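# predicted model and sequence below, questions to follow.
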Amino acid sequence: MAMGVCGHNQAVAERLTEPTLRDTAPMRPPARHLERHRTDRIGWLRASVLGANDGIVSTASLLVGVAAAGPSRESVLVAGVAGLVAGAMSMAAGEYVSVHSQADTENADLARERVELDADPAAERQELASIYVSRGLDPALAQQVAAQLMAHDALGAHARDELGVTDTLGARPVQAALASAASFAVGAVLPLGVSVVASEQGLIPLVAGTSLVFLAALGAAAAHVGGAGLMAGACRVSFWGALAMGITAGVGALFGAVV
């Protein structure tokens, strides 16, 4: 009887200590936590919104201003088409030069950082660690993090945490130039198309009114894509568009009366 109890206890102990399927199965990597952020849209979103907004405001203001001076309908349309082409080219050139200057600055900073890393990596590691300490890490942990990140990608760690340069927010001149030119042309076509179908007497109020609607829709759409409030975005863009068209119409009427 005692032998039976001992054998039973031994079997139970072996069953409890033998590895289970859960223990022997390879551990799965944790599921990747996917989050949708909007920072990767900053480059093209900024250029597109700026271009479309400028296209609507500039072309509508030009049409209203020229029409207020009292020329023929054909002259107003010619001025509108010229404004579309010139504005699109100007936006592309200006955006390319501006963003390329930013890219040149980033590349110069990266080149300088590469030289400093080659010359004194210990000082650069200490500099990186001090950045992490200022963000709340314990000094010992900050040293460890800095050492591991520099071992993996020293230039990338300093570019990201010291210079603030990342692939997501990096300058892309060609992308910005194309987005600005295309969006300006799209924006300019809207008031220009309205001026084509509007009568000569109703051209000013129709172009101005529809352009404000276009601007409000653009502001709301840009705010939605960027994650901001729709009403605030629509009102902000509409206000400045109305101000621009009002001033341009006043100037056109003034000079038209003088001439």
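Sure thing, it's come through.

# just the helices in the stretch 51-200 of the chain please.
73-119, 121-134, 139-158, 173-197 (DSSP state H, counting those that start in this stretch).

# of these, flag the one that's most buried.
Highest mean neighbour count among the helices of the stretch 51-200 of the chain (mean count of other C-beta atoms under 10 Å): helix 173-197, with a mean of 21. For the C-beta atoms, the positions are set from N, CA and C on the backbone; glycine is no exception.

# helices or strands up against that helix?
The elements that helix 173-197 packs onto, with contact taken as 3 or more C-beta pairs under 8 Å, 6 or more residues apart in numbering; DSSP states H and E, are helix 42-68, helix 73-119, helix 203-226.

# give me the residues contacting stretch 130-137.
P139, L141, A142, V145, A146, D161, E162 (C-beta atoms under 8 Å, 6 or more residues apart in numbering).

# how about the nearest residue to the second one, chain neighbours excluded?
When you say that, I think you mean L141. Using C-beta to C-beta, 6 or more residues apart in numbering and skipping residues adjacent in sequence, the residue nearest L141 is Y132, 7.8 Å away.

# and for G94?
Once flanking residues are discounted, G94 sits nearest to S180: 7.7 Å by C-beta to C-beta, 6+ apart.

# out of the contacts of stretch 130-137, which is nearest to A92?
Nearest to A92 among these, counting by C-beta to C-beta, is E162 at 32.8 Å.

# and that closest one, how close does it get to E124?
Per C-beta to C-beta, to the nearest Å, E162 is found 9 Å from E124.

# which neighbours do those two have in common?
With C-beta under 8 Å, 6+ apart as the test, E162 and E124 both reach E113.

# could you pull up phi and psi at G202?
phi -100, psi 10 (degrees, to the nearest 10).

# distance check, it against S72.
G202 is 16 Å from S72, by C-beta to C-beta.

# which stretches of the stretch 101-250 of the chain have low pLDDT?
For the stretch 101-250 of the chain, the stretches with pLDDT under 70 are 167-171, 226.

# how about a cut-off of 80?
In the predicted model, the stretch 101-250 of the chain carries pLDDT under 80 at residues 164-172, 222-229.

# OK, contacts around A198?
By C-beta under 8 Å, 6+ apart, the neighbours of A198 are L206, V207.

# how close does it get to G80?
12 Å.

# now G70
16 Å.

# and L230, by the same measure?
29 Å.

# before we move on, what about L206?
13 Å.

# V197 versus L77, what's the distance?
With C-beta to C-beta as the criterion, L77 and V197 are 11 Å apart.

# likewise for Q126?
For Q126 relative to V197 (C-beta to C-beta), the value is 68 Å.

# then H158?
Taking C-beta to C-beta, one finds H158 at 58 Å from V197.

# can you check P139 too?
Counting by C-beta to C-beta - P139 and V197 are separated by 70 Å.

# now swap in D161 and tell me
Distance from D161 to V197, by C-beta to C-beta: 56 Å.

# before we move on, what about L254?
28 Å.

# with A234 instead?
25 Å.

# related to what we said a few turns ago, which one of the contacts of stretch 130-137 is nearest to A86?
Checking the contacts of stretch 130-137 against A86 with C-beta to C-beta, the nearest one is E162 at 41.8 Å.
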